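Trainee: Please work out how this folds:
(chains A and B)
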Amino acid sequence: MNWLVLLLVIAALAGLWVVDRKVRRLNMLAWLAAWFAALYVFFSYGIEPPLPTSIVFMYLGIVVIILTAYLSATSAYLAEARDAVVAFTTEKRYAIPLVIVLVLLPLLVAANVYLNITQEPAAPISGRTIHPPPPAQIQFKGKTINLATAANPYRVLEERDPAAFAEHVENGRRVYFQNCAFCHGDNMEGDGHFAHGFDPIPANFSDPQTIGILQESYIFWRVAKGGPGLPHESTPWSSAMPAWEHFLTEEEIWDVTLFLYAFTGHRPRALHAAEDSALE
Amino acid sequence: MKTITLLAVLLFVAPAAYGQEPDLGTEAQREAGRVLYMEKCAQCHGPEGAGDGVAADVFTPAPRDFTTGIFKFRSTASGELPTDADLKRSIREGMPYTGMPPWPKLSDAQVQNLVYHIKTFNDDFSGSYGVPDPITIPKAPSFSEEAAQRGRAVFEANQCTDCHGNLGRGDGKSAPTLEDQWGYHIRPADLTKRWTYRNGQTREDIYRTFTTGLDGSPMPSYELPEDESWALVDYVWSLSRDEANYGTVIVASPAEGALDVGQGAALFETARPTYFPIVGQVIEPGRAFQPGVNGVEVKAIYNEDEIAFLLRWHDMRAETSGSNSPTMAAPRFGETAPTDTTGAQAAGEAAAANPASPYSDAVAIQIPSQPPAGTEVPYFLFGDEKHAVDLWFADLAKGEAEFFVGHGSENLEPGEETLDFFSNYDEGEWTVVFKRARAKEAGLTFEEEAFMPIAFSIWDGFNEERGNRRGLTAWYYVYMEPMNKPSAALPMAKWAFITLVLELGLVFAIRRRARKEEAVA
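Mentor: Next comes the predicted model:
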């Protein structure tokens, strides 16, 4: 929500209301136009992240229906609007404004057509599946890993042997900064010094909606198999994420997974939670 | 409350203000700084600040060794320590196009604590040198074209061209021989790319950079009369674009007649440029942690039968005596080849001893071998098992194009393709043209009004880049603007006319009805 835009829109409507009450009564049609314009501005610029144009049009369609319903609610409103239109099109004193409108409107339409035709063609958009569904199991260097049940073998050390656990985390730090930081960034925000060269952009692990809602086995799968290992329904997308199984050992991948959580402060989704939801 | 404020003033502000004692913070502040440093900084700068963290080898330029007390980015005279504000600025703003990121999310107190901790790595900070005397940077006068022209003379008189080159592209004649204090090769800044300036991008930043110099690097300090300083700033400003404005689509324009690649860039005068970022291949063996080239400008034109691409990029020196190939073996990370060790630093050492690199500059355009299904593209590193790529490659020492089909970096096969080629190096810039027939039997045909995936690789021979050690782009698109662009006039007239008819219809209908009602009344 862009509060500044919202405030401006409300202020503009309030200003009109004051004019209506204190200075000069506004015609019903002017009010409807004002509401339409206000909502158009709000839908187009007042919402963050911006709505797609098609959604804005849909909302504006609903707005038109509502405004029409309001207009036809009482015959007084309807008559007021009707009289204004009739006066504008028939009375001599409006002849010049009428001609101006009659000329201006086709010109506006022509300008819009021109803009549409000469617009730069947009590159094809390939959708990004945020958390693609993992396969039941993967082959890792000749070994089968069941993603639903595989736990990080070093996670248990966290309570059992904190010193050994810290060593694994430190090894994960080394793996991360020698392999991942270029794209995923020194602070794991997906903004490493090569990140600007890639689309889709590298994942931002500091975002609680990434690793914080995933199991460690899922992280293992994404690191080991990368973009080339995505299931077909999650492609096509040109992820540059490599299949690290070619360059890292199993232990290194589990260690870097530990480090992702240790550095960001997120906790992995527990395995039993997944089993529970599977039972439901 | 007042007492606490007073105490704080006495403790922290007063000593520095009197210029007596360096401000080293409290024990608690330094400890808080140490904890944060170990979490965020030690991986590169090392636990003891010696620039030897676990990631130090893979980040070029190398992380700063704080124990030396030598700092590039200062507001103090050459040879002096930086102020706290200088260190804070480096942390806050980072250094673009290096592994040092900006840290905007740390609080002021956190950054100050880091500074206190960094100052423990070198004893000079706690001695009499620890109270540095910064220069005052006057407020920048507004840019003037006239000052910029005077600045050109200052630029020449102070021999800036020796390293930064005649047009500021970092291609001066001494550039290949420059070494930092530790004996590593160091590149002079490409002054035309302001977005890559590591010591800041404002005009005050430029003023500070040449006035104080960059300690530990060959960039000396230039204390010039103030009007000359600002003239120089304006000249540097005039050389540079402020934003990279990276694009994603090359719009190929239709051209009349034959496409003569021999014309070079002149052939593409009507085409629009698109600028793409080049990043290092840091995944597969042969990793390039800091490629020598960080961006490439591309244009494309086509006629009935052929399509031509123009690629232009800045390169410190043309390497044309060695050889290069995408299939050439590059040492794995951590391994050493006979001529180099790891990364660009060693490459620089080799170059300083041996002026010409054994590896020549090279370039490649990569397109899918088959028209892609939907938006599915081959893996960007020379394709994959299922999806092949065509590689239009040119070793710039040979001056002719070669052709490879790739099923991944390990699986590149030379092939047959008719490619016309042109290359030229001038004033620190390579200009390369490739031309191919638009149609290809059993292969990708360049169709009008279609988006075709395209990617680029650039090898900087000076940087010992060859094979998989290279700079590259991810996939982008080339779009073929239709040859006969339908005129907008007809649809415009049509819709304007329809609107007018509707309007008039409405007006007449209302008037008729109004007349009828009047008659009834």
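
Trainee: CA only for contacts and neighbour counts going forward, please
Mentor: Fine.

Trainee: ok, A:Thr264 - contacts?
Mentor: If you count contacts by C-alpha atoms under 8 Å, 6 or more residues apart in numbering or on different chains, A:Thr264 has them with A:Met188, A:Phe205, A:Ser206.

Trainee: Going by distance to chain B, which of those wins?
Mentor: A:Met188 (10.5 Å; C-alpha to the nearest C-alpha).

Trainee: pretty sure that closest one is in contact with A:Ser206, am I right?
Mentor: Yes. The criterion here is C-alpha atoms under 8 Å, and A:Met188 meets it with A:Ser206 at 5.9 Å.

Trainee: Kindly report the residues of the stretch 101-250 of chain B close to chain A.
Mentor: B:Pro101, B:Thr248, B:Val249 (C-alpha under 8 Å from any C-alpha of the partner chain).

Trainee: ok, and the most crowded of the residues you listed?
Mentor: Among these, B:Val249 has the most neighbours (other C-alpha atoms under 10 Å in any protein chain shown), with 24 neighbours.

Trainee: ok, it to B:Thr274 distance?
Mentor: Distance, B:Val249 to B:Thr274, using C-alpha to C-alpha, to the nearest Å: 7 Å.

Trainee: how about the residues of the stretch 351-500 of chain B that lie near chain A?
Mentor: B:374-377, B:379-380, B:451, B:473-475, B:477, B:488-489, B:491-493, B:495-497, B:499-500.

Trainee: are any of these buried, and which?
Mentor: Buried members of those, counted by 16 or more other C-alpha atoms under 10 Å in any protein chain shown: B:375-377, B:379-380, B:451, B:473-475, B:477, B:488, B:492-493, B:495-497, B:499-500.

Trainee: Just give me the neighbour total for residue 230.
Mentor: Just so you know, I chose chain A. 20.

Trainee: um, chain B though
Mentor: What B:Trp230 shows, counting by other C-alpha under 10 Å, is a neighbour count of 26.

Trainee: Which residues are in contact with residue 246?
Mentor: If you meant another chain, say so; for now it's chain A. A:Ala224.

Trainee: ah, I was thinking of chain B
Mentor: B:Tyr246 sits next to B:Thr274, B:Tyr275, B:Phe276, B:Pro277 when contact means C-alpha under 8 Å, 6+ apart.

Trainee: now, which of those lie within strands?
Mentor: By the criterion of DSSP state E, membership of the contacts of B:Tyr246 in strands covers B:Thr274, B:Tyr275, B:Phe276, B:Pro277.

Trainee: Can you check the pLDDT for the last one?
Mentor: At B:Pro277 the predicted local confidence, pLDDT, stands at 97.

Trainee: Ramachandran angles for the residue nearest to it when sequence neighbours are not counted?
Mentor: Among residues not flanking B:Pro277 along the chain, B:Gly295 sits closest, at 4.4 Å (C-alpha to C-alpha, 6 or more residues apart in numbering or on different chains). Here is the backbone geometry of B:Gly295 (degrees, to the nearest 10): phi -170, psi 150.

Trainee: what about B:Gly295, how many neighbours?
Mentor: B:Gly295 - counted by other C-alpha under 10 Å - has 22 other residues nearby.

Trainee: Equivalent analysis for A:Ile96, please.
Mentor: That count, for A:Ile96 with other C-alpha under 10 Å as the rule, works out to 10.

Trainee: rewinding a little: ranking the contacts of B:Tyr246 by neighbours, who comes first?
Mentor: B:Phe276 (26 neighbours).

Trainee: touching chain B at all, stretch A:81-100?
Mentor: Yes. For a cut-off given as C-alpha under 8 Å from any C-alpha, stretch A:81-100 has contacts with chain B, namely A:Val86, A:Thr89, A:Thr90.

Trainee: a markdown table for these, including secondary structure and neighbour count?
Mentor: Compiled in a markdown table, those are given as follows (DSSP: H, G, I helix; E, B strand; the rest coil; neighbours: other C-alpha atoms under 10 Å in any protein chain shown):
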| residue | secondary structure | neighbour count |
| --- | --- | --- |
| A:Val86 | helix | 15 |
| A:Thr89 | helix | 22 |
| A:Thr90 | helix | 18 |
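
Trainee: Tabulate those (CSV), appending pLDDT.
Mentor: What follows is the residues of stretch A:81-100 next to chain B, written out as CSV (pLDDT from 0 to 100):
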residue, pLDDT
A:Val86, 88
A:Thr89, 88
A:Thr90, 87
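
Trainee: Would you agree B:Tyr37 is in contact with B:Asn113?
Mentor: No. Using C-alpha under 8 Å, B:Tyr37 is not in contact with B:Asn113; the gap is 9.1 Å.

Trainee: ok, the two, which is more surrounded?
Mentor: Taking neighbours as other C-alpha under 10 Å, B:Tyr37 and B:Asn113 compare with B:Asn113 leading, 26 against 23.

Trainee: how about the strands of chain A, start to end?
Mentor: A:137-140, A:143-146.

Trainee: Helices - which of the residues of the stretch 351-500 of chain B next to chain A land there?
Mentor: B:Ala489, B:Pro491, B:Met492, B:Ala493, B:Trp495, B:Ala496, B:Phe497, B:Thr499, B:Leu500 (DSSP state H).

Trainee: what's the most distant pair in those?
Mentor: The distance between the two most remote of these (C-alpha to C-alpha) is 16.3 Å, for B:Ala489 and B:Leu500.

Trainee: ok, the residue sitting nearest the centre point of chain B to B:Gly428 distance?
Mentor: Nearest to the mean C-alpha position of chain B, counting by C-alpha atoms, centre = their mean, stands B:Asn294 at 4.1 Å. B:Asn294 sits 14 Å away from B:Gly428, taking C-alpha to C-alpha as the criterion.

Trainee: now swap in A:Gly229 and tell me
Mentor: 41 Å.
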